[in-house]
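> Quick one, structure for this:
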Amino acid sequence: MVSPEPGAIELLRRYNLALNYAINKIPSLDLRNFGRVHNALYRELREWFDLPSRVAINCYRDALAKCQCLEKQS
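Here you go, the predicted structure:
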């Protein structure tokens, strides 16, 4: 059995925190499209959660998709 790298585990922990933050922030700011979400969250996710560029983009992209899905369900 292979143990995950400690750095990878830490990145996943930060990603999870950032994802929860973005999922809460998107509806509170009434962000509905990719460009506005990028402008509002990219720097915060990079700086506050120390995410690499591509991971920050994937994070807010996942959060936006989740928010849009939840909006359609209600």
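
> Leu51: neighbour count?
22 (other Cβ atoms under 10 Å). For the C-beta atoms, the positions are set from N, CA and C on the backbone; glycine is no exception.

> Leu31 too?
21.

> Do I have it right that it meets Gln68?
No: using Cβ atoms under 8 Å, Leu31 is not in contact with Gln68; the gap is 10.4 Å.

> Please name the nearest non-neighbouring residue to the residue with the shortest distance to the centre of the chain.
Closest to where the C-alpha atoms of the chain average out (Cα atoms, centre = their mean) is Cys59, at 2.9 Å. Nearest residue to Cys59 in three dimensions, chain neighbours excluded: Ala18, at 5.0 Å (Cβ to Cβ, 6 or more residues apart in numbering).

> could I get the host helix or strand of that neighbour in PDB with only the CA atoms?
Using DSSP states H and E, Ala18 sits in helix 6-28. Taking C-alpha atoms only, helix 6-28 is exported to PDB below (Å, rounded to 0.1, in the frame of the first residue of the first chain):
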ATOM      1  CA  PRO A   6       2.200  14.800   3.200                       C
ATOM      2  CA  GLY A   7       2.300  17.800   0.800                       C
ATOM      3  CA  ALA A   8      -0.500  16.300  -1.200                       C
ATOM      4  CA  ILE A   9      -2.600  15.700   1.900                       C
ATOM      5  CA  GLU A  10      -2.000  19.400   2.900                       C
ATOM      6  CA  LEU A  11      -3.000  20.600  -0.600                       C
ATOM      7  CA  LEU A  12      -6.300  18.600  -0.400                       C
ATOM      8  CA  ARG A  13      -7.000  20.100   3.000                       C
ATOM      9  CA  ARG A  14      -6.500  23.600   1.700                       C
ATOM     10  CA  TYR A  15      -8.500  22.900  -1.400                       C
ATOM     11  CA  ASN A  16     -11.400  21.600   0.600                       C
ATOM     12  CA  LEU A  17     -11.400  24.800   2.800                       C
ATOM     13  CA  ALA A  18     -11.100  27.000  -0.300                       C
ATOM     14  CA  LEU A  19     -14.000  25.100  -2.000                       C
ATOM     15  CA  ASN A  20     -16.300  25.600   1.000                       C
ATOM     16  CA  TYR A  21     -15.300  29.200   1.200                       C
ATOM     17  CA  ALA A  22     -16.100  29.700  -2.600                       C
ATOM     18  CA  ILE A  23     -19.400  27.800  -2.300                       C
ATOM     19  CA  ASN A  24     -20.500  30.200   0.400                       C
ATOM     20  CA  LYS A  25     -19.100  33.400  -1.300                       C
ATOM     21  CA  ILE A  26     -20.600  32.900  -4.800                       C
ATOM     22  CA  PRO A  27     -24.300  33.100  -3.800                       C
ATOM     23  CA  SER A  28     -23.600  35.800  -1.200                       C
END
